[in-house]
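# Predicted coordinates and the sequence they were generated for:
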Amino acid sequence: MSYLEEEKTFNKIIDDLMVLLKNEDSYNQVLSSMCSPPPKIAREIAKIFAAINLGDPGLFPETVKLENEVLAHLADLLHAPSSWTGAITSGGSESNLVGCWAARNWSKENRGIEKGKIIFPESAHVSFEKAADLLNLESEWIPLNDNFQVDIEAVKEAIDYRTVGIVGIAGATGTGVCDDINALSDLALEKNLYLHVDAAHGGTIYPYLKKLGHDVPKYGFENPGVKSVTIDTHKILGSLIPGGSIIFRSEEITKTIIKSITYLSDSSTKQLTITGTRPGTSVIATWVLLKNLGESYILERVKESFEVTKYLTQRLKEIDKIEIAFEPSLNIIGFTCSQMTNEDLVKELLKKGWHLSIYSNWTRIVVMSHVTKEVIDKFINDLEIVLNKEM
Ligand code: 0PR
């Protein structure tokens, strides 16, 4: 094929894809997602550095340096001690799986537990259900109290001699609520249990909310019983998909899960991740967003989404037939409608192009950076039309 023909083919493929996927990149009416379209600089990085594979770090030593700086930054956000170690993962699900894996193996090594049980809050993400299944761990799901936090007394009662670990959530998928990590930490220390915190969503919000003057929970390594924490970069930070990480209190905790891969170009390569091949683009974009653009970038995103959350809550409260399911503490809102089921409401709104999700027994909105006040105004307008039509 001549160069020109190749160029024609190239252009045709891109044009066809632009038509085929034209509605898939804008997030215009997406109120159900914890991801946002990445900023222009991240898109450019995705284009230019697509060949970098952190699964073989010896080939990409400069990117490895950026990766280490990103990890150190995330560890710092979580108040990790200087003994920390960690890994960039593909996101919250992988980090939670690795955390549960460490809990299982640490408990086998330190407490001799062969067939263990792990304790999850009912608010825990589905990735924990997958993790328990994959790791052959029995799971016990603990109900929440009236504040949607895991019931600490019920956790205490569930702990038995086979318990390998407890999980706490810092920014739950359905409510944004943070469990009482300090109480879980006390329990973990008292009973010599592994405590993993899922801060996939909250981990990159709380530190900045605090800087903006809000009261935020202590969810990280300030709690001495916490052994590992999940924190994602493809959520509020807006970095490229896939992007997440797991940070451990110390290397000692990871020694039963870390794998040496001696045949790679750097024969001292060690992996803490499930995945081998990993994109460098996500790490480079995260480095730029965290280090290059400076704190004002993320502070602005967090501030905006917090203000829009407040605005949306207010607008929803003004509608008679709508009831708020909880006062939002992060950028997640739940509501119900006295006039129709959540399923019918979501279906009607979808006809108008809006994507919402149902979580537990409320309709959920996640206010990410693409959800602006203007988007909310349009949404409230359509919501009122749907409700008035139904009268
Ligand atoms: N932990 C928490 C607290 C989460 O909310 C999520 C995902 C995970 C772990 C898993 O993270 P990964 O999806 O990175 O593996 N939370 C979102 C959710 O389930 C994920 C999501 C993102 C869903 C974008 C839809 C969407 O359009 O709502």
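Right, received. Where do you want to start?

# The stretch 201-350 of the chain: helices as residue ranges?
206-211, 251-254, 280-287, 295-317, 342-351 (DSSP state H, counting those that start in this stretch).

# Not counting the second one itself, show me its contacts.
Meaning helix 251-254. Contacting residues not belonging to helix 251-254 are listed as 83, 85, 102, 106, 227-228, 248, 272 [Cβ atoms under 8 Å, 6 or more residues apart in numbering]. In this view, the C-beta of every residue, glycine as well, is placed from N, C-alpha and C.

# mind running it again at 6 Å?
With Cβ atoms under 6 Å, 6 or more residues apart in numbering as the test, helix 251-254 has contacts from 85, 102, 106, 227, 248, 272.

# Checking my notes, the third one in a helix, right?
Just to be clear, that refers to W106. Yes: W106 sits within a helix when classified using DSSP: H, G, I helix; E, B strand; the rest coil.

# OK, contacts around S265?
So S265 contacts 56, 58-59 (Cβ under 6 Å, 6+ apart).

# Out of the helices of the stretch 201-350 of the chain, the one nearest A188 is which?
A188 sits nearest to helix 251-254 of all the helices of the stretch 201-350 of the chain, at 12.6 Å, using Cβ to Cβ.

# Just the CA trace of that closest one, in CSV.
Coordinates of the C-alpha atoms in helix 251-254 are reproduced here as CSV (Å, rounded to 0.1, in the frame of the first residue of the first chain):
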residue,chain,number,x,y,z
GLU,A,251,7.5,-3.8,53.1
GLU,A,252,7.2,-6.4,55.8
ILE,A,253,3.4,-6.7,55.1
THR,A,254,4.0,-7.4,51.4
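
# what mean pLDDT does it have?
Mean pLDDT, helix 251-254: 97.

# Next: stretch 35-47.
In this model, stretch 35-47 carries a mean pLDDT of 96.

# helix, strand or coil for S36?
coil.

# so what's it up against?
By Cβ under 6 Å, 6+ apart, the contact set of S36 is 238, 368-370.

# Hmm, V164 is touching W106, no?
No: with contact defined as Cβ atoms under 6 Å, V164 does not count as touching W106 (7.7 Å).

# Looking at the stretch 201-350 of the chain, which residue is nearest the ligand?
H201 (4.6 Å; Cβ to the nearest ligand atom).

# Residues in contact with stretch 382-391: which ones?
Contacts for stretch 382-391 (Cβ under 6 Å, 6+ apart): 321, 339, 348, 352.

# Lowest-confidence entry in those residues?
Within the contacts of stretch 382-391, lowest confidence goes to Q339 (93).

# so how far is F248 from the residue of the stretch 201-350 of the chain closest to the ligand?
H201 is 20 Å from F248, where distance means Cβ to Cβ, to the nearest Å.

# With R162 instead?
Counting by Cβ to Cβ - R162 and F248 are separated by 23 Å.

# between the two, which one's more packed in?
When R162 and F248 are compared for neighbours, F248 comes out ahead with 28 against 15, by other Cβ atoms under 10 Å.

# Now do the more buried one, the pLDDT please.
Confidence score, pLDDT, at F248: 98.

# Next up, the contacts around the residue lying closest to it once chain neighbours are set aside.
In this structure, F248 finds its nearest non-sequential neighbour in S228, 4.7 Å apart by Cβ to Cβ, 6 or more residues apart in numbering. Contact analysis of S228 by Cβ under 6 Å, 6+ apart lists 99, 196, 246, 248.

# From the residues you listed, which land in strands?
196, 246, 248 (DSSP state E).

# Switch those over to JSON lines; also include distance to T256.
Below are these laid out as JSON lines (distance: Cβ to Cβ, whole Å):
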{"residue": "H196", "distance to T256": "15"}
{"residue": "I246", "distance to T256": "15"}
{"residue": "F248", "distance to T256": "12"}
